[in-house]
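>>> Quick check, what structure comes out for this input:
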Amino acid sequence: MSEAILTNPSALTDPWSVPLSELDPSQPAVFQTDRQFEIFDRLRREDPVHYHEQGLFGPYWSITKFNDIMTIDKDHKRFSSDAGITLNERQADFTTPNFISMDPPKHDVQRKAVTGVVAPMNLAKMEPIIRQRAANILDSLPIGERFNWVDAVSVELTTQMLATLFDFPFEDRRKLTYWSDMATSSELAGGPTPEADRRAALLECLEYFQRLWVAREGVAPEVGIDLISMMANNPDTQNMDPMEYLGNLILLIVGGNDTTRNSITGGVLFLNQNPDQYAKLKADPSLITSMVPEIIRYQTPLTYMRRTALEDVELSGKTIKKGDKLAMWYISGNRDEEVIERPNDFIIDRANPRHHLSFGFGIHRCMGNRLAEMQLRLLWEEILTRFDYIEVVGEPERVQSSFVRGYSDLPVILHAK
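Numbers count the residues shown, from 1 in each chain. Next comes the predicted model:
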């Protein structure tokens with residue numbers, strides 16, 4: 001296999017000109033340089049259920065078509081999450097189990113313990129809080145001066161929301177962002193963070209949250225929006241092992257942080273790349289409702305989820321063997337032209353914008369999907385009342401990950417109405 005292709009995707013100028021066996025979309029640098037879409041176009045057309053014998057994280061199957069992904073995602077009896085949801089293997093001496101990487105029945109009871117935080121009644125309570133925070137953040141921004149939208153808006157709004165969900169000390173809220181970034185940037189997953197540093201950060205996270213747990217044991221949450229109290233006082237979660245508690249914390253932090261914050265950033269970028277859609281939005285702000293799920297589809301904040309076959313399975317003419325691992329590439333399925341009309345175009349008034357894979361399907365479908373959509377909707381409603389235009393004035397900096405499709409910097413200038 002060509003080492004240049006494995007370690008330096010910039011050498012891969014044309015994914016159509018090399019042997020199919022040399023394409024490995026699991027390389028984080030592919031996403032950091034935004035070179036993934038042609039690779040997935042070729043895989044969908046030539047080998048939509050493709051076996052990578054020498055992937056960066058070992059052998060695995062790439063599942064790239066919308067309907068194949070949905071079939072696997074809904075079939076937890078044959079495709080397990082129990083071995084993990086990322087292609088890199090767990091470290092035996094530092095495992096952090098969580099309910100998204102569990103199969104029923106344990107998955108079901110642990111998820112149920114916290115799902116109430118996003119019940120319709122609680123979403124209604126959170127809406128005015130999110131709107132006010134979005135307004136405060138936007139009002140604090142400089143007009144006519146260059147700044148990093150990711151840090152000033154995307155990170156800040158989602159981190160404030162996380163602090164609310166955990167009833168976390170507000171002055172320490174940026175710790176949540178730090179722990180989320182450390183959890184998803186491990187060198188073992190192809191990221192830049194040394195494993196020793198990641199472990200130290202996660203143990204710091206556990207120690208902090210253990211203090212909050214002890215303080216809330218036996219005390220019911222006052223307003224029903226407190227994930228720690230929910231876990232500490234539910235019979236199905238109150239006796240969790242500390243590392244399992246940490247695993248569920250990281251799951252909830254990453255789920256509430258990375259996905260929404262990168263869609264907030266992506267929306268600004270996509271509107272700049274598609275000025276006709278920006279003009280359409282300004283002419284008709286009611287299109288925010290359909291634009292939000294289109295942003296989430298187009299961004300696909302988590303690029304894939306892994307499953308492991310529990311038995312031999314035939315899929316699209318291929319035999320997936322028991323024990324094989326698969327990557328359901330949501331980011332590819334969301335560009336499947338056989339299911340989504342003009343999938344490579346950003347269209348804010350699609351007729352069926354929620355028909356996408358970004359939240360997954362089946363028992364592991366994202367429990368916070370409505371909260372994520374609400375944060376984006378409220379933010380854009382407040383943006384349109386204040387600014388004529390958010391101008392992107394430089395190239396975005398993308399994170400080094402094949403799991404999180406994220407940004408660390410998006411330079412912008414605000415133009416007032």
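
>>> What residues of stretch 40-53 count as buried?
40-44, 47-52 (16 or more other Cβ atoms under 10 Å). C-beta coordinates here come from the backbone N, C-alpha and C atoms, glycine included.

>>> for stretch 295-315, same thing?
295-310, 313, 315.

>>> start to end distance for it?
Taking Cα to Cα, to the nearest Å, stretch 295-315 runs 30 Å from one end to the other.

>>> now it: mean pLDDT?
Averaging the model's pLDDT scores along stretch 295-315 yields 97.

>>> ok now that stretch, how far from the chain's centre?
12 Å (Cα atoms, centre = their mean, to the nearest Å).

>>> Strands of the stretch 51-200 of the chain, residue ranges please.
According to DSSP state E, counting those that start in this stretch, the stretch 51-200 of the chain carries its strands in the segments 60-63, 79-80, 147-148.

>>> contact partners of the first one?
So the one you mean is strand 60-63. The contact list for strand 60-63, computed with Cβ atoms under 8 Å, 6 or more residues apart in numbering, reads 25-26, 43, 48-52, 69, 72, 87, 306, 315, 318, 320, 324-329, 332.

>>> circling back to that earlier point, hmm, which two among the buried residues of stretch 40-53 are most spread apart?
Largest separation among the buried residues of stretch 40-53 by Cβ to Cβ: D41 and Y51, giving 18.6 Å.

>>> So for the longest helix along the chain, what gets flagged as buried?
Longest helix of the chain, by residue count under DSSP state H: helix 242-273. Across helix 242-273, burial judged by 16+ other Cβ under 10 Å covers 243-272.

>>> returning to that earlier point: now render the buried residues of stretch 40-53 as TSV, adding secondary structure.
Listed next are the buried residues of stretch 40-53 as TSV, based on DSSP: H, G, I helix; E, B strand; the rest coil:
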residue	secondary structure
F40	helix
D41	helix
R42	helix
L43	helix
R44	helix
D47	coil
P48	coil
V49	strand
H50	strand
Y51	strand
H52	strand
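
>>> before we move on, back to that, okay if I get the strands of the stretch 51-200 of the chain as CSV plus mean neighbour count and mean pLDDT?
Below are those laid out as CSV (neighbours: other Cβ atoms under 10 Å; pLDDT from 0 to 100):
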stretch, mean neighbour count, mean pLDDT
strand 60-63, 25, 97
strand 79-80, 22, 96
strand 147-148, 17, 98
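
>>> Just put those in CSV and tack on distance to G190.
Listed next are the strands of the stretch 51-200 of the chain as CSV, based on distance: least, Cβ to Cβ, whole Å:
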stretch, distance to G190
strand 60-63, 13
strand 79-80, 23
strand 147-148, 24
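
>>> Of all those strands, which one is nearest K175?
Between the strands of the stretch 51-200 of the chain, strand 147-148 lies closest to K175; by Cβ to Cβ that is 19.6 Å.

>>> for that closest one, packing partners?
On a contact count with 3 or more Cβ pairs under 8 Å, 6 or more residues apart in numbering; DSSP states H and E, strand 147-148 meets strand 411-416.

>>> Just list what the strand it packs on packs against, helices and strands only.
Right, strand 411-416 is packed against strand 147-148, strand 387-392 by 3+ Cβ pairs under 8 Å, 6+ apart.

>>> Tell me the strands beside that strand, with direction?
Next to strand 411-416 in the sheet, as set by DSSP bridges, lie strand 147-148 (antiparallel), strand 387-392 (antiparallel).

>>> Mind listing residues that contact it?
Residues contacting strand 411-416 (Cβ under 8 Å, 6+ apart): 141-149, 268, 386-394.

>>> does N148 have beta-bridge partners, and which?
Beta-bridge partners of N148, as defined by DSSP bridges: P411.

>>> my bad, R307
R307 has the following beta-bridge partners by DSSP bridges: L326.

>>> ok, it touching W329?
No - taking contacts as Cβ atoms under 8 Å, R307 lies outside contact range of W329: 11.9 Å.

>>> Cross the buried residues of stretch 295-315 against strands and list the overlap.
Using DSSP state E, the subset of the buried residues of stretch 295-315 located in strands is 304-309, 313, 315.

>>> quick one: low-confidence parts of this protein?
Along the chain, segments meeting pLDDT under 70 span 1-13, 220-224.

>>> S17: how many residues sit nearby?
Residues near S17, counting by other Cβ atoms under 10 Å, number 7.

>>> whoops, A196 was the one
The local packing of A196 (other Cβ under 10 Å) involves 9 other residues.

>>> That one and V254: what is the separation?
20 Å (Cβ to Cβ, to the nearest Å).

>>> now L315
Per Cβ to Cβ, L315 is found 29 Å from V254.

>>> now swap in M328 and tell me
For M328, the distance to V254 - Cβ to Cβ - is 18 Å.

>>> just checking, R211 is part of a helix?
Yes - under three-state DSSP, R211 falls within a helix.

>>> Pull the contacting residues for it.
So R211 contacts nothing (Cβ under 8 Å, 6+ apart).

>>> again with G317
Contacts were defined as Cβ under 8 Å, 6+ apart; by that measure G317 touches V49.

>>> for F94, same thing?
199, 243.

>>> quick one, phi/psi of it?
Taking degrees, to the nearest 10, you get phi -160, psi 70 for the backbone angles of F94.

>>> Would you mind measuring from it to S186?
Distance from F94 to S186, counting by Cβ to Cβ: 10 Å.

>>> close enough to count as contact, T237 and L227?
No - using Cβ under 8 Å, T237 makes no contact with L227, being 10.2 Å away.
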